[in-house]
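In: Below is the sequence, then the predicted model.
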Number of protein chains: 2
Amino acid sequence: MPRRSLIAEEVLEIMRRPARHCWTLDELHDDLTRQGLAPDPSSVFRAVCGLERSGTVVRVPLGDGRAHYEVASEHHDHLVCTTCGRMEPLACSIVADLASRVRAWSGFLVSGHQLVLSGTCGICADDAHGTSQRGRRRSTAQAGKNGR
Amino acid sequence: MPRRSLIAEEVLEIMRRPARHCWTLDELHDDLTRQGLAPDPSSVFRAVCGLERSGTVVRVPLGDGRAHYEVASEHHDHLVCTTCGRMEPLACSIVADLASRVRAWSGFLVSGHQLVLSGTCGICADDAHGTSQRGRRRSTAQAGKNGR
DNA sequence: AGACGATACGCAAGTTGATTGCGCAAGTCA
DNA sequence: TGACTTGCGCAATCAACTTGCGTATCGTCT
């Protein structure tokens, strides 16, 4: 039996929380630190690596030059709100027929895809219009985080 | 008048060649070196930065942790062959109706997207099957270039 | 033509995020 | 309990990108 790793367990529990959908190593490390554990970044990295190796979490290339991780589940795509920075999963069935269309179109055999949609999430759109009479949940939404 | 930059001009000319569709800084630097110029990598970086700032080229986040650049044109998406490493542009109209579907589906206002399809290109699929009744249109496939 | 200011570019160093080596401590198994 | 394995902190390394600085060169102005 593999020896249990405290950090890996905590990481997994953090990642299973619905508050957020996708984590960078940094964010995980911050969360762990906030919880009282103050692990070394390398330990977080190793924990996530282990989880990835075991197939529990997957790495999501979001195109911002950092590694993002999420718990493994049905393949899905991602919506990134450019206003609040939140990320939402997007049922991938919505692009399911793409493969066959592409194949017919160019002979390319699609075996996987990575789609990231950016724009404004419902909440932020409401805010912008001032219509916002709604219980705006907005997690720790750290805004921005653009530019490298 | 801005002073002309030899490197930027060469970079642009390389990127306009049809042989390839998407370049990393390294690849550009290699090509330039092969041409006899042997610029400093930082100069290539600055040249590309300038071109990007002027809107002549755009950075394409391909999710492999490196910066890829291509000449700016109509927005399009990308097909990456996992066998030969080639990258092809994919007319983006093929995912054009996605935005409205997503909006209806989740209230998310899509303003942009980045889609990378991976799989096997027609050539590699033919090769694998030996069936090679290739009539498939295709440009100059240069192989290799996987791995990090 | 010569002076001058701005820019390109090479060199070297710095930054950032990811990854690895090493050694100690703690857990597991026999 | 002793040997072996594994988790984890610390520090170092790596890769890709980015920046600072000094010099060479260009374009313009007089």
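Out: Looks like it arrived, so ask away.

In: For the host helix or strand of residue A:60, list every residue counted as buried.
Out: According to DSSP states H and E, residue A:60 maps onto strand A:57-61. Within strand A:57-61, the residues that count as buried by 16 or more other C-beta atoms under 10 Å in any protein chain shown are A:57, A:60, A:61. To be clear about C-beta, it is placed using only N, CA and C from the backbone, and glycine gets the same treatment.

In: can you check stretch A:35-47 too?
Out: Buried-residue list, stretch A:35-47, by 16+ other C-beta under 10 Å: A:39, A:43, A:44, A:45, A:47.

In: and which of the residues you listed is nearest chain B?
Out: residue A:45 (14.7 Å; C-beta to the nearest C-beta).

In: Tell me how far the closest one lies from residue B:5.
Out: 40 Å (C-beta to C-beta, to the nearest Å).

In: what does residue A:57 give?
Out: In terms of C-beta to C-beta, residue A:57 sits 45 Å off from residue B:5.

In: which regions of chain A sit below the pLDDT cut-off?
Out: A:1-2, A:92-96, A:130-148 (pLDDT under 70).

In: Contact residues of it facing DNA strand D?
Out: Within chain A, the positions near DNA strand D by C-beta under 7 Å from any atom of the strand are A:2-8, A:37-40, A:42-43, A:46-47, A:50, A:148.

In: any idea which strand is longest in chain A?
Out: strand A:109-120 (DSSP state E).

In: and that one, which strands flank it?
Out: Strand pairing for strand A:109-120, using DSSP bridges, gives strand A:76-81 (parallel), strand B:109-120 (antiparallel).

In: Please export the C-alpha coordinates of the last one as CSV.
Out: Presented in CSV, the C-alpha positions along strand B:109-120 are these (Å, rounded to 0.1, in the frame of the first residue of the first chain):
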residue,chain,number,x,y,z
LEU,B,109,-20.8,35.9,-23.6
VAL,B,110,-18.1,34.5,-25.7
SER,B,111,-15.7,37.0,-27.2
GLY,B,112,-12.9,34.8,-28.2
HIS,B,113,-11.7,31.3,-28.3
GLN,B,114,-8.7,29.1,-28.7
LEU,B,115,-9.2,25.7,-30.1
VAL,B,116,-6.5,23.2,-30.6
LEU,B,117,-7.4,19.8,-32.2
SER,B,118,-4.9,17.1,-31.9
GLY,B,119,-4.9,13.8,-33.8
THR,B,120,-3.5,12.3,-36.9
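
In: what's downstream of it, the next helix or strand?
Out: Following strand B:109-120 in sequence, per DSSP H and E, is helix B:122-129.

In: The first one too?
Out: Of the helices and strands lying after strand A:76-81 in sequence (DSSP H and E), the nearest is strand A:87-91.

In: next one: that following strand to chain centre, how far?
Out: The chain centre lies 8 Å from the centre of strand A:87-91; the measure is C-alpha atoms, centre = their mean, to the nearest Å.

In: what packs against the helix or strand residue A:7 falls within?
Out: Following DSSP H and E, one finds residue A:7 within helix A:6-16. In terms of contacts (3 or more C-beta pairs under 8 Å, 6 or more residues apart in numbering or on different chains; DSSP states H and E), helix A:6-16 is packed against helix A:25-34, helix A:41-53, strand A:67-71.

In: Mind doing that once more with 10 Å?
Out: Packing partners of helix A:6-16 (3 or more C-beta pairs under 10 Å, 6 or more residues apart in numbering or on different chains; DSSP states H and E): strand A:23-24, helix A:25-34, helix A:41-53, strand A:57-61, strand A:67-71.

In: and chain A, what are its domains?
Out: A:1-73, A:74-148 (automatic domain parsing).

In: Counting neighbours, what do you get for residue A:110?
Out: 17 (other C-beta atoms under 10 Å in any protein chain shown).

In: That one contacts residue B:77, correct?
Out: No. Using C-beta atoms under 10 Å, residue A:110 is not in contact with residue B:77; the gap is 11.4 Å.

In: residues bridging contact with the two, i.e. touching both?
Out: A:98, A:102, B:117 (C-beta atoms under 10 Å, 6 or more residues apart in numbering or on different chains).

In: any idea which of those is closest to DNA strand C?
Out: Distance ranking of those against DNA strand C, using C-beta to the nearest atom of the strand, places residue B:117 first at 23.0 Å.

In: circling back: chain center to the helix holding residue A:7: distance?
Out: So, by C-alpha atoms, centre = their mean, the centroid of helix A:6-16 is 15 Å from its chain's centroid.
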